[in-house]
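Novice: Provide a 3D model corresponding to the input given below.
(one chain, ligands or ions: 1)
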Amino acid sequence: MPLTRTEIRDHIGVITLDHAAKRNALSRELIDEVISALEQFRTRRLRVAILRAPPGARVWSAGHDVDELPESRRDPLGWDDPLRHLIREIEAFPAPVIAMIEGTVWGGACETAFACDLIVATPEATFAVTPARLGVPYNIAGVLTFLNAATLRIGKEMAFTARPVSAERAERLGMINYVVPSEELESFTFGLAQTICGNAPLSIAVMKEQLRILAGAHPMSPQGFERVQGLRRVVYDSHDYREGIRAFKEKRPPVFRGE
Ligand code: YXS
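Specialist: Numbering: from 1, shown residues only. Model prediction:
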C-alpha cells in the first residue's frame with residue numbers, strides 16, 4: 001500500500017503524503033517514495049514540485065519516524081539517514097519545491113518544509129522544532145536549515161521550547177511565504193506554481209543552486225566540526241536520549257536527568 005500519491009498537472013508535479021495511520025511520519029519507506037517521485041519529476045523536466053498532505057489533514061507530518069531512530073550509541077541523524085537524504089534531494093531538485101501546508105508540522109518534517117523553496121500554509125498550521133522534546137542531538141546541516149529559515153533568536157526559541165509556532169507568526173517572521181484560508185490553499189498554491197512555470201526554468205534552476213550554495217557557505221574549522229560531533233555523541237550516548245525515545249514509544253512524558 002503506497003504511503004504517498006503523485007500527480008502531474010502540466011509542468012507541475014504534486015506529491016501527497018498519505019500515511020494517516022502514522023500521521024505521515026517520515027519513515028524510510030515514505031521518504032523513498034517521495035524521492036522516487038522527485039526523480040520522476042526531474043526526468044519529466046517539471047518546473048515546480050508541490051509537497052502536500054491530503055485536503056483537510058490535521059497533521060501535515062509528525063516528523064522523523066521515531067520507530068526508526070536508534071535506541072542509543074549511534075548517530076540518529078547521520079549522512080545516510082533517510083531524512084538527511086530527503087532534505088538533500090529537495091535542495092538539489094532543479095526547480096522550486098513548494099510546501100503546501102495544512103495541519104501540524106513536527107521535527108524533521110519542520111526541517112523538510114523549511115528545506116522547500118516556498119511555503120504556503122493555512123492559518124491552522126503550526127511548526128514545531130522538537131529535538132529537545134525527545135532528547136535528540138540534531139545534526140549540523142539540519143540546524144543550518146533552521147538557521148536559514150528563522151533568525152537566531154527565533155531559532156533558539158523554537159529549539160529550546162519545542163513549542164509549535166503558528167502559521168501567522170511564522171509568516172510575520174518571514175519563515176513562510178503566505179498564509180491563506182484552507183478553502184483557497186490549493187488554488188493559491190497552484191496559481192503561484194503556474195507563475196513560476198511561466199518563467200525561464202534554467203534561470204530559476206541556476207538561481208536556486210546559487211542560493212543553496214550561498215546559504216550553506218558558513219565556514220567551520222575541522223576542529224569546530226569535531227567539537228560539534230563530539231558533543232552530539234555525548235547526547236546520543238546519554239540516558240536522556242534513550243529516555244526520550246522510550247517515553248515516546250511508551251506514550252508517557254519523558255523524565256530527563258541532564259545526563
Ligand atoms: O499508537 P499507534 O500505533 O496508533 O501510533 C500512533 C503514534 O505512535 C504514531 N506516530 C508516530 N510514529 C512514529 N514516529 C512519529 N513521529 C509519530 N507520530 C505519531 O501515529 C499514531 C497516531 O499518533 P497519535 O495517536 O499521537 O495521533 P494524534 O493525532 O493524537 O497526535 C498527532 C501528533 C503528531 C500531535 C502526535 O502523534 C505527536 O506528537 N507525534 C510526535 C511529534 C514529534 O515529536 N515528532 C518528532 C519526531 S523525531 C524527529 O522528527 C527528529 C528526530 S527531532 O526530534 O530531532 O526533531
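Novice: so how far is residue 230 from residue 183?
Specialist: Distance, residue 183 to residue 230, by CB to CB, to the nearest Å: 50 Å. Using the backbone N, CA and C atoms, a C-beta is placed for each residue, glycine as well.
Novice: can you report how many residues neighbour residue 2?
Specialist: Using other CB atoms under 10 Å, residue 2 is surrounded by 10 other residues.
Novice: any chance you could map the helices in the stretch 101-250 of the chain?
Specialist: 108-115, 131-134, 140-149, 152-161, 167-172, 182-197, 201-215, 222-236, 239-249 (DSSP state H, counting those that start in this stretch).
Novice: so what does the second one touch, helix or strand wise?
Specialist: To tie it back to what came earlier, the one meant is helix 131-134. Helices and strands touching helix 131-134, by 3 or more CB pairs under 8 Å, 6 or more residues apart in numbering; DSSP states H and E, are helix 152-161, helix 239-249.
Novice: select, out of these, the one closest to the ligand.
Specialist: Ranking the helices and strands packed on helix 131-134 by proximity to the ligand (CB to the nearest ligand atom) places helix 239-249 first, at 6.9 Å.
Novice: what does the stretch 51-200 of the chain put close to the ligand?
Specialist: 59, 62-67, 104, 106-108, 130-131, 133-134, 136, 138 (CB under 6 Å from any ligand atom).
Novice: for residue 221, see how far away the residue of the stretch 101-250 of the chain found nearest the ligand is.
Specialist: Using CB to the nearest ligand atom, the closest approach of the stretch 101-250 of the chain to the ligand is made by residue 107 at 2.4 Å. Distance, residue 107 to residue 221, by CB to CB: 29 Å.
Novice: who's more crowded, those two?
Specialist: With neighbours defined as other CB under 10 Å, residue 107 and residue 221 compare such that residue 107 has more, 25 against 8.
Novice: which residues touch residue 77?
Specialist: Listed by CB atoms under 8 Å, 6 or more residues apart in numbering, the contact set of residue 77 reads 64, 83, 84, 136, 137, 138, 139, 142.
Novice: wait, I meant residue 10
Specialist: Here residue 10 is in contact with 194, 197 (CB under 8 Å, 6+ apart).
Novice: ditto for residue 131
Specialist: 107, 137, 138, 159, 162.
Novice: show me what contacts the residue of the stretch 101-250 of the chain closest to the ligand?
Specialist: Here residue 107 is in contact with 62, 63, 64, 128, 129, 130, 131, 133, 134 (criterion: CB under 8 Å, 6+ apart).
Novice: how much space is there between it and residue 253?
Specialist: Look at residue 107 and residue 253: by CB to CB, they are 17 Å apart.
Novice: for residue 175, same thing?
Specialist: Noted for residue 175: a distance of 28 Å to residue 253, by CB to CB.
Novice: between these two, which is the more surrounded one?
Specialist: Legend: neighbour count by other CB under 10 Å for residue 175 and residue 253, higher for residue 175 (23 against 9).
Novice: for that one, what are its contacts?
Specialist: By CB under 8 Å, 6+ apart, the contact set of residue 175 is 114, 119, 127, 149, 150, 154, 165.
Novice: look up phi and psi at it.
Specialist: Main-chain dihedrals, residue 175, degrees, to the nearest 10: phi -80, psi -30.
Novice: what do you get for the one 5 residues further on?
Specialist: The main-chain torsion angles of residue 180 are listed as degrees, to the nearest 10 and equal phi -130, psi 150.
Novice: repeat for residue 3
Specialist: According to degrees, to the nearest 10, the main-chain angles of residue 3 amount to phi -100, psi 0.
Novice: for it, what are its contacts?
Specialist: The contact partners of residue 3, by CB under 8 Å, 6+ apart, come to 17, 18, 19, 27, 29, 30, 33.
Novice: buried ones among the residues of the stretch 51-200 of the chain next to the ligand?
Specialist: 59, 62-66, 104, 106-108, 130-131, 133-134, 136, 138 (16 or more other CB atoms under 10 Å).
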